[in-house]
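Enquirer: Curious how this folds, go ahead:
(2 chains)
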Number of protein chains: 2
Amino acid sequence: MNPFYETAARPHRKDEDGFTRQEVALANRNHGIALEALRYDITPVGLHYLLTHFDIPAMDTSSFSLSVGGEVENDVSLSLEDIRALPAKTQTVTMECAGNGRAHLYPRHPSMPWLNEAVGTAEWTGTPLRNVLDMAGVKDSAVDIVFLGADRGFDRGHEHVFGRSLAPDHAANDDVLLVYDMNGAPLLPQHGAPLRLIVPGWYGMASVKWLTRIEAVDKPYEGFQQVDGYQYKQGPDDQGVPVQTIRVKSLMTPPGIPDWFTRQRMAEAGEIIIEGRAWSGGGVPVKKVELGINGVWHEADLLPGAQTYAWSKWRFAWNAEPGEFTLACRASDVDGQVQPDAPRWDNSGVGNNGIQQVQVTVR
Amino acid sequence: MNPFYETAARPHRKDEDGFTRQEVALANRNHGIALEALRYDITPVGLHYLLTHFDIPAMDTSSFSLSVGGEVENDVSLSLEDIRALPAKTQTVTMECAGNGRAHLYPRHPSMPWLNEAVGTAEWTGTPLRNVLDMAGVKDSAVDIVFLGADRGFDRGHEHVFGRSLAPDHAANDDVLLVYDMNGAPLLPQHGAPLRLIVPGWYGMASVKWLTRIEAVDKPYEGFQQVDGYQYKQGPDDQGVPVQTIRVKSLMTPPGIPDWFTRQRMAEAGEIIIEGRAWSGGGVPVKKVELGINGVWHEADLLPGAQTYAWSKWRFAWNAEPGEFTLACRASDVDGQVQPDAPRWDNSGVGNNGIQQVQVTVR
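Expert: Now for the predicted structure:
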């Protein structure tokens, strides 16, 4: 008897899991990494996760300009050519959506129903943001640097362009980039062409796409995506704690071959090499990755050579005998943070770094 | 009162629509076109729809070979270099998943829950398949030409590599290509690298990815994806009718700006240019596109210049006054086929070319 058959053939129950049409529409429109693509150090174009709040705007690169204003000595307006002429820096960055893992939580915030796949690693090329801020001369009166995109829409009744801010000290960090190339080619429309921000080590919401305006402000920025959209909240009326750096996390490539619909796995007995990636936020290195086999944890090999803001590769040689297995992986970072076995519930469904579990039949 | 607020803020009901976790996992993993990307004649990389049955296989281009055998005069084995040395042909092709629109049907086949977005247009470069078939010399005893990919898995209990067949006459058509480039660059892993088949005018399942083996056979091919997976069926026990050419269809770019979660639209009163795309299968040209505004149909401008297998652009200037509107679009082809107002139910959820509807608030 093929153990996959029962599950795949079981009648479809209308109420199972209860995801809405709106959630499915977002899932069809946005996309995650295919977990087997964790094999690539740099995620191929089209497999890097993508989350677009509003519509991808129609941008004209030739007439594009970035304006810098507010609490600055000189208002600045730069074409893409001007920005490309500034000193270039390329950085490999693992980016994760703050909402990754949201669909493992219940009750679930009505939003993009990510399971495990909202991650990717790219080589971003641009110029340090500070080069542009220095041209404008940020005044001491500035308490926030605001980044505004060209994408506009509604969220819970609030009409706005997507905007986020960074503290002036953070904005002046050499690793925060104004980016025009991804993996050696001009940004694709959906990744923010012609210009975006990259804030390495933070969840993806900080890396504003279709960036057109930078404004230094003398009061804390209160844009919707800053003070409401990305907050850890224990309930709907909780003011929340800002979502910032990425929490330590790991993922594995599921071994063997899949069932098309259930994605359950079938693997051959013998040595199975389990591979995956692990990362943390804020430039904190990963210290350890463990592979769980039916609840027993084994330390995996963590491969050296990871760049500051990029994921590490890990590997475990599993001598697999026939049977049913639940595999899991768990990373820890040098700051002592460890992935929790059970996800921490959050009202907005953000920051879920609970361990991934994969069911495997070994034959 | 903002009309978007009520909907977006309404409590999340667990049983609404009842999509399963498996469906959501497939939707996160695969992806559709963002409808605003209908603006591009050629869909940018990463925005073209993608449907992968099993895992994306790890292919090594340098050691890759395509073997041709079975009912042929000479077994042939070709490297990618050999295939690139054959006469090249580039063709612009609109491809649509046979399951596009499946999630509008109820009851719903447990599979990828596409709504409207499983479509895209690319420039495919390769060599006509017949060049390779002629090298092998297909015998008169061959009744089917079988195409096998490197991707392996289970579907409803059947373990198999993804395989499809074409009738010998169809396989010898100059428009059926062995493709190595997409939009002028080598195929990406997820689109079938290093080599795939492109069968223009047919739904996407015919265009086998990660193609490694071609076999001429003397009995009709009975692979799972040929005789079970892609059949129009009126019930689970119906033998079915093969899914082949694409049915006439159209889509519009939703006007105005969206609400993040519901994707409801808000547009400004005045002239609104509604644009979209229309296509049919088998090389049949689109004849007419109509835009429906609250149930009244208006003929849109169908722009000339579409290539044989590529979508046409259409446009309608709408003089919009404030209010609530349901927009729809409907295409007809020169064979007299018209999109139905209500989708035709199918047990596998394939071939749904019912009209797209978009709700818009004009203010």
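Enquirer: Around chain B, pick out the residues from the stretch 251-363 of chain A.
Expert: A:257-263, A:266 (Cβ under 8 Å from any Cβ of the partner chain). Where you see a C-beta, it was placed from the backbone N, CA and C, and this is true even at glycine.
Enquirer: Sitting in strands, which of those residues do you find?
Expert: When DSSP state E defines the strands, the subset of those inside them is A:257-258, A:266.
Enquirer: Got the phi and psi for the residue of the stretch 101-250 of chain A found nearest chain B?
Expert: Nearest residue of the stretch 101-250 of chain A to chain B: residue A:157, at 3.5 Å (Cβ to the nearest Cβ). Per-residue torsions, residue A:157: phi 90, psi -10 (degrees, to the nearest 10).
Enquirer: and the closest residue to residue A:47 other than its chain neighbours, which of the three is it?
Expert: Closest residue to residue A:47 apart from its sequence neighbours, by Cβ to Cβ, 6 or more residues apart in numbering or on different chains: residue A:37 at 4.5 Å. Secondary structure state of residue A:37, per DSSP: H, G, I helix; E, B strand; the rest coil, is helix.
Enquirer: Residue A:37 touches residue A:43, doesn't it?
Expert: Yes: the pair residue A:37 / residue A:43 is scored as a contact, 6.1 Å apart, by Cβ atoms under 8 Å.
Enquirer: Of the ones in strands among the residues of the stretch 251-363 of chain A next to chain B - the most surrounded one?
Expert: residue A:258 (23 neighbours; other Cβ atoms under 10 Å in any protein chain shown).
Enquirer: mind listing what that residue touches?
Expert: A:264-266, B:54-55, B:153-154 (Cβ atoms under 8 Å, 6 or more residues apart in numbering or on different chains).
Enquirer: now swap in residue A:212 and tell me
Expert: Residue A:212 neighbours (Cβ under 8 Å, 6+ apart): A:64-67, A:148-150, A:195.
Enquirer: Taking those, please make a ChimeraX selection of just the buried ones.
Expert: To isolate the buried ones among those in ChimeraX, judged by 16 or more other Cβ atoms under 10 Å in any protein chain shown, type:
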select /A:64,66,148,149,150,195
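Enquirer: could you redo the contacts of residue A:212 as JSON lines and give each row distance to residue B:343, pLDDT and secondary structure?
Expert: Below are the contacts of residue A:212 laid out as JSON lines (distance: Cβ to Cβ, whole Å; pLDDT from 0 to 100; DSSP: H, G, I helix; E, B strand; the rest coil):
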{"residue": "A:64", "distance to residue B:343": "41", "pLDDT": "98", "secondary structure": "coil"}
{"residue": "A:65", "distance to residue B:343": "46", "pLDDT": "98", "secondary structure": "strand"}
{"residue": "A:66", "distance to residue B:343": "45", "pLDDT": "98", "secondary structure": "strand"}
{"residue": "A:67", "distance to residue B:343": "47", "pLDDT": "98", "secondary structure": "strand"}
{"residue": "A:148", "distance to residue B:343": "41", "pLDDT": "98", "secondary structure": "strand"}
{"residue": "A:149", "distance to residue B:343": "36", "pLDDT": "98", "secondary structure": "strand"}
{"residue": "A:150", "distance to residue B:343": "35", "pLDDT": "98", "secondary structure": "strand"}
{"residue": "A:195", "distance to residue B:343": "41", "pLDDT": "98", "secondary structure": "coil"}
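Enquirer: So which of the contacts of residue A:212 is the closest to residue B:335?
Expert: Within the contacts of residue A:212, the smallest distance to residue B:335 is 41.9 Å, found for residue A:150 (Cβ to Cβ).
Enquirer: Identify the residues contacting the closest one.
Expert: A:57, A:59, A:161, A:210, A:212.
Enquirer: Out of the residues you listed, which comes closest to residue A:186?
Expert: Using Cβ to Cβ, the contacts of residue A:150 come closest to residue A:186 at residue A:59, 11.4 Å.
Enquirer: A helix includes residue A:282, no?
Expert: No: looking at residue A:282 with three-state DSSP, it is coil, so not inside a helix.
Enquirer: excluding its backbone neighbours, what's nearest residue A:353?
Expert: Closest to residue A:353 by Cβ to Cβ, 6+ apart is residue A:247, at 4.1 Å.
Enquirer: mind checking the SS state of residue A:250?
Expert: Taking three-state DSSP as the rule, one finds residue A:250 in the strand state.
Enquirer: Can you tell me how far it is from residue B:269?
Expert: 52 Å (Cβ to Cβ, to the nearest Å).
Enquirer: got it, and residue A:237?
Expert: In terms of Cβ to Cβ, residue A:237 sits 37 Å off from residue B:269.
Enquirer: higher neighbour count, the two?
Expert: Ranked by neighbour count (other Cβ under 10 Å), residue A:237 and residue B:269 place residue B:269 first, with 12 against 8.
Enquirer: pLDDT score assigned to the more buried one?
Expert: pLDDT for residue B:269: 98.
Enquirer: coming back round to it: out of the ones in strands among the residues of the stretch 251-363 of chain A next to chain B, the closest to residue A:177 would be?
Expert: The closest of those, once distances to residue A:177 are taken by Cβ to Cβ, is residue A:258, at 36.9 Å.
Enquirer: Spatially nearest residue to that closest one (excluding sequence neighbours)?
Expert: Nearest non-adjacent residue to residue A:258 (Cβ to Cβ, 6+ apart): residue B:153, at 4.8 Å.
Enquirer: for the residue nearest the centre of chain A, which residues make a bridge with it?
Expert: Geometric centre of chain A, nearest residue: residue A:96, 1.3 Å, by Cα atoms, centre = their mean. Counting by DSSP bridges, residue A:96 forms beta bridges with residue A:119.
Enquirer: Please tell me how far it sits from chain B.
Expert: 14 Å (Cβ to the nearest Cβ, to the nearest Å).
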